[in-house]
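>>> Pasting the sequence and the predicted coordinates here, then a few questions.
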Amino acid sequence: MPDPESASPLTVTDLACRRGGRLVFAALSFRLAAGRALLVTGPNGAGKSSLLKLLAGLLAPAGGTLERPGHIAYLGHDNALKAVLSVEENLRFWAGLSGGAAVEDRLARALDVTGLAALADVPARLLSAGQKRRAGLARVLASGAPLWLLDEPTVGLDTASIDRLGPAFSAHLEGGGMIVATSHVPLPLGAPEQLAMGGR
Amino acid sequence: MLRLLTRELRLAWVERSGGAIALIFFLIVVSLFPFAVGPQPQVLARIAAGVVWVAALLACLLSLERLFQPDAEDGTLEQLVTHGLSFEAIATAKIIAHWLTTALPLLLLTPLAAILLNAPAASWGLLAAGLALGTPALSAIGGVAAALTVGLRRGGILISLLVLPLAVPTLIFGVGLLDPLAGVAALKWLAATTLVALSVSPFAAAAGLRAALE
C-alpha cells in the first residue's frame, strides 16, 4: 500500500472540459484528502468519464487547474488486456511499468483479491467479461499508486466479486491512498464523499 | 520504453501469423513478375532489384494498420500514457518493433527473392544493403501514417495513400544503389532519407497518437 507521505491530496479548481467543441462541464472544484474516496455520480453524458480522463492526464483541461499525485492508476472502460497473453503476463507488464518495490507481492495479492489466482496462466481471450473486468481491477490493485481512478469499476461483476473489493478498497484508503470512482451502482467504498454532476 | 519494445516483440512472436503473412505476400508478389513479364532471364535480372524493392514496400504496408489500432481499441494506449510513457517513446518503440518484426524478416528473405528473379549474384549484397538502410525509413513513415489514421475506419487504405508517395525517395535511392554510375551518391542519399524519416517520425507519430486519445 502507498506511503501516506507521498500521497499529496487531489485539488481541482475551476476545472473545465471541452470535447469536440462542446463544453462538457465547467467551474468544477473539489478537494480530496489522503485516505478519502470520492464517488462521482450523474446521468449519462454528464462528464463523469471525461472528469476521470482529465484527472488521469489523458485529456487536457479547457480551463482551471488540477493538482494530483504523480503516480496514478486508471481503470477506463477498456481493460487493456492483450488477448494472446496470459492474465499474469498482462498484469506483470503493467506492474513492472508502475515500478516500485515488491512487484511480485503486489501482483500475487491483486490476483488473490480479484479471485484470478487460479486463472493466472489462462490467455486473456478466454476470460468472461466479468473476469476481464476483474483483471482490469487487479492491474489497479497491483499498481501501488496512491490515487486510483475507477470508471464504472464493477461493470459485469457479480455481487460476490464486488464484495471482495471492499477490504482491498479500505486497505488502500487506510494506507493513505485515494479513490475517485464513478458508478451507477453502490460501491463498497465505506462512506465516500459525493460529487453529483449535472447533465447538459 | 525497453519494456514496451520487449512486450511488442513477445506479442509479435505469439501472434506470428501476422508477420508470416507479410513474408508470404512478399514472396508471392516477387514470384508473380516472371508470370507477368515472361521468363526471359535477362529481363528478370534487369528488373529484379526494382521488383524486390516494390514488393518489400507493399509487404511493409500490410502490418501497419495493426500497429497502433489494437492498442487504441483495447485501452492499452491510455494505460501506457497513464503509466508515464511519453507519446514519443510509445511511437519510437512501435516503429522499432515494426522494423524488427516485419522489415528484418523480409531482409533475410531477399536472397530467395533474388534467386527467384535471376538477379546476378554480385548484386545481392547491394540489394540487401539498400534494404537494410532503407527499410527503417519505411517503418518510420509507416508509423506516422498508422498513428495519424488510428481510430479511422478504412484506415488501412489511407495508410497506403500516405506512405507510398513518401516512400518514393527511399525507393529511388535504394534501387539507385545498384546503378554503377550512382552507387556512392545513392548510398549517401538513401542514408540521409532514412535519417530524416527516423528523426522526424517519433514526433509526428506522437502528435497523431495524442489526437487519437481526444
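Looks like it came in fine.
>>> When you work out contacts or count neighbours from here on, use the C-alpha atoms and nothing else.
Noted.
>>> just checking, next helix/strand downstream of the helix or strand bottoming out on mean pLDDT in chain B?
Of all helical and strand segments in chain B, the minimum by mean pLDDT, DSSP states H and E falls on helix B:2-14, at a mean of 89. The first helix or strand that comes after helix B:2-14 along the chain, using DSSP states H and E, is helix B:17-37.
>>> Could you list the buried residues of that following helix?
The neighbour-count check on helix B:17-37 (16 or more other C-alpha atoms under 10 Å in any protein chain shown) flags B:18-19, B:22-23, B:25-27, B:29-31, B:33-34 as buried.
>>> Now for residue A:117, how many residues are close by?
16 (other C-alpha atoms under 10 Å in any protein chain shown).
>>> For it, give me its contacts.
Contacts for residue A:117 were tallied using C-alpha atoms under 8 Å, 6 or more residues apart in numbering or on different chains; they are A:108, A:111.
>>> Need the phi and psi values for it.
Summarising the backbone geometry of residue A:117 under the convention degrees, to the nearest 10, its torsions are phi -60, psi -40.
>>> Spell out which residues of chain A are next to chain B.
Chain A comes close to chain B at residues A:19, A:56-59, A:71-74, A:76-82, A:84-85, A:93-94, A:97-98, as judged by C-alpha under 8 Å from any C-alpha of the partner chain.
>>> Using ChimeraX, define a selection of the buried residues within the residues you listed.
Only the buried members of these enter the following ChimeraX selection, criterion being 16+ other C-alpha under 10 Å:
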select /A:56,57,58,59,71,72,73,74,76,77,78,79,80,81,82,84,85,93,94,97,98
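>>> tell me the residue furthest from the middle of chain A?
In chain A, the greatest distance from the average C-alpha position (C-alpha atoms, centre = their mean) is reached by residue A:21, at 26.9 Å.
>>> How about chain B?
Here, in chain B (C-alpha atoms, centre = their mean), the farthest residue from the centre turns out to be residue B:40, at 29.9 Å.
>>> Could you check the pLDDT of it?
Residue B:40 carries a pLDDT value of 90.
>>> before we move on, back to that, which one in the buried residues of helix B:17-37 is the model shakiest on?
Comparing these by pLDDT, residue B:18 comes last, at 80.
>>> Which elements pack onto the least confident helix or strand of chain B?
In terms of contact count using 3 or more C-alpha pairs under 8 Å, 6 or more residues apart in numbering or on different chains; DSSP states H and E, helix B:2-14 is assigned the packing partners helix A:87-98, helix B:87-98.
>>> got JSON lines for those, with mean pLDDT and distance to residue B:177 too?
As requested, these are arranged in JSON lines below (pLDDT from 0 to 100; distance: least, C-alpha to C-alpha, whole Å):
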{"stretch": "helix A:87-98", "mean pLDDT": "93", "distance to residue B:177": "43"}
{"stretch": "helix B:87-98", "mean pLDDT": "96", "distance to residue B:177": "24"}
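>>> between the ones you listed, which gets nearest to residue B:45?
The closest approach between residue B:45 and any of the helices and strands packed on helix B:2-14, judged by C-alpha to C-alpha, belongs to helix B:87-98 at 29.9 Å.
>>> show me the biggest helix of chain A in terms of residues.
In chain A, ranked by residue count with DSSP state H as the criterion, the top helix is helix A:159-174.
>>> Go over the secondary structure and confirm residue A:84 is in a helix.
No. The assignment for residue A:84 by DSSP: H, G, I helix; E, B strand; the rest coil gives coil, which leaves it out of any helix.
>>> neighbouring contacts of the least confident helix or strand of chain B?
Residues lying outside helix B:2-14 but in contact with it, judged by C-alpha under 8 Å, 6+ apart, are A:84-85, A:93, A:97, B:18-19, B:90, B:93-94, B:96-97, B:101.
>>> Can you show me the CA trace of it as PDB?
As requested, the backbone C-alpha atoms of helix B:2-14 are provided in PDB (Å, rounded to 0.1, in the frame of the first residue of the first chain):
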ATOM      1  CA  LEU B   2      12.500  -1.100 -23.500                       C
ATOM      2  CA  ARG B   3       9.800  -2.900 -21.600                       C
ATOM      3  CA  LEU B   4       7.300  -1.900 -24.200                       C
ATOM      4  CA  LEU B   5       9.600  -3.000 -27.000                       C
ATOM      5  CA  THR B   6      10.200  -6.300 -25.400                       C
ATOM      6  CA  ARG B   7       6.400  -6.800 -25.000                       C
ATOM      7  CA  GLU B   8       5.800  -5.900 -28.600                       C
ATOM      8  CA  LEU B   9       8.300  -8.500 -29.700                       C
ATOM      9  CA  ARG B  10       6.700 -11.100 -27.400                       C
ATOM     10  CA  LEU B  11       3.300 -10.300 -28.800                       C
ATOM     11  CA  ALA B  12       4.600 -10.500 -32.400                       C
ATOM     12  CA  TRP B  13       6.100 -13.900 -31.600                       C
ATOM     13  CA  VAL B  14       2.800 -15.200 -30.100                       C
END
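>>> Distance from that helix to the middle of the chain?
Taking C-alpha atoms, centre = their mean, to the nearest Å, one finds the center of helix B:2-14 at 18 Å from the center of the full chain.
>>> So which bits of it are buried?
Counting neighbours by 16+ other C-alpha under 10 Å, one finds that the buried residues in helix B:2-14 are B:4-5, B:7-9, B:12.
>>> and which of those residues is nearest residue B:81?
Residue B:81 has its nearest neighbour among the buried residues of helix B:2-14 in residue B:4, at 11.9 Å by C-alpha to C-alpha.
>>> Identify each buried residue in stretch B:190-208, please.
Within stretch B:190-208, the residues that qualify as buried are B:190-195, B:197-198, B:201-208, counting by 16+ other C-alpha under 10 Å.
>>> touching chain A at all, it?
No. Under the criterion of C-alpha under 8 Å from any C-alpha, chain A is not reached by stretch B:190-208; the shortest gap measures 13.6 Å.
>>> List of residues touching that stretch?
Residues external to stretch B:190-208 that are found in contact with it (C-alpha under 8 Å, 6+ apart): B:87-92, B:130, B:133-134, B:136-137, B:140-141, B:143-150, B:169-170, B:173-174.
>>> what do you get for stretch B:101-114?
In contact with stretch B:101-114 (C-alpha under 8 Å, 6+ apart) are residues B:9, B:12, B:19, B:22-23, B:26-27, B:30-31, B:48-49, B:52, B:56, B:60, B:63, B:120, B:124, B:127-128, B:131-132, B:135-136, B:139.
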